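# please find the sequence and the predicted model below.
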Amino acid sequence: MVYRRKKHHKENLHIKKAHRTKRRTKDLDEIDADLKEENAIKLINQEVDFDKPGAAQNYCIHCARYFVDQKALHDHFKTKVHKRRLKALEEEPYTVEDSERAAGKGNFVQPKKRKIETIASEEDINKEAKVMKVDDEAE
């Protein structure tokens, strides 16, 4: 029999809120901005920072996580967590125009699917890479 996870801070709202905000990660629209070419180059080539895991040299842009070494980063690329994040990033982020269309101002446009591939090094960031390319065949 599988037991459900206990709610550790059920009654203590100030502890519960602090616990959630401490472990908060980037939203998909923030990661989408990081995937742009100029931002991706900055994130992959970060300066050495000994306060972050692996001195900030092994960073997964899609998951916004630092890793201890190169092997841990490449093992992460094979996990379900990373693959699910890539799948979530395929859909375009929600914009102000989408909210206006939902309110009745304009026509609804189906969000397009994009093909997102893992960025492991600076060589993967270029115009020919399918990092942010919209796949027209998915329509």
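Yep, that arrived.
# can you get me a residue count around Lys17?
Neighbour count for Lys17, taken as other Cβ atoms under 10 Å: 11. (C-beta placed from N, C-alpha, C; glycine too.)
# switch to numbering from 45
Got it, first residue is 45 now, which makes that one Lys61.
# distance check, it against His120.
Lys61 is 29 Å from His120, where distance means Cβ to Cβ, to the nearest Å.
# go on, Phe152?
Taking Cβ to Cβ, one finds Phe152 at 37 Å from His120.
# and the helix or strand bottoming out on mean pLDDT in the chain, which residues are buried?
Taking mean pLDDT, DSSP states H and E as the measure, the chain has helix 57-66 as its least confident helix or strand, at a mean of 72. Buried residues in helix 57-66, counted by 16 or more other Cβ atoms under 10 Å: none are found.
# now the following helix or strand past that helix - C-alpha only, PDB.
Where DSSP states H and E defines the elements, the next helix or strand beyond helix 57-66 is helix 72-78. C-alpha atoms of helix 72-78 as PDB (Å, rounded to 0.1, in the frame of the first residue of the first chain):
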ATOM      1  CA  LEU A  72       8.600  28.500 -18.300                       C
ATOM      2  CA  ASP A  73       8.400  32.000 -19.700                       C
ATOM      3  CA  GLU A  74      11.600  33.000 -17.900                       C
ATOM      4  CA  ILE A  75      13.400  29.900 -19.200                       C
ATOM      5  CA  ASP A  76      12.000  30.700 -22.700                       C
ATOM      6  CA  ALA A  77      13.800  34.100 -22.400                       C
ATOM      7  CA  ASP A  78      17.000  32.300 -21.300                       C
END
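# so what touches helix 72-78?
70, 83-84, 87, 105-106, 108, 129, 132-133, 136-138 (Cβ atoms under 8 Å, 6 or more residues apart in numbering).
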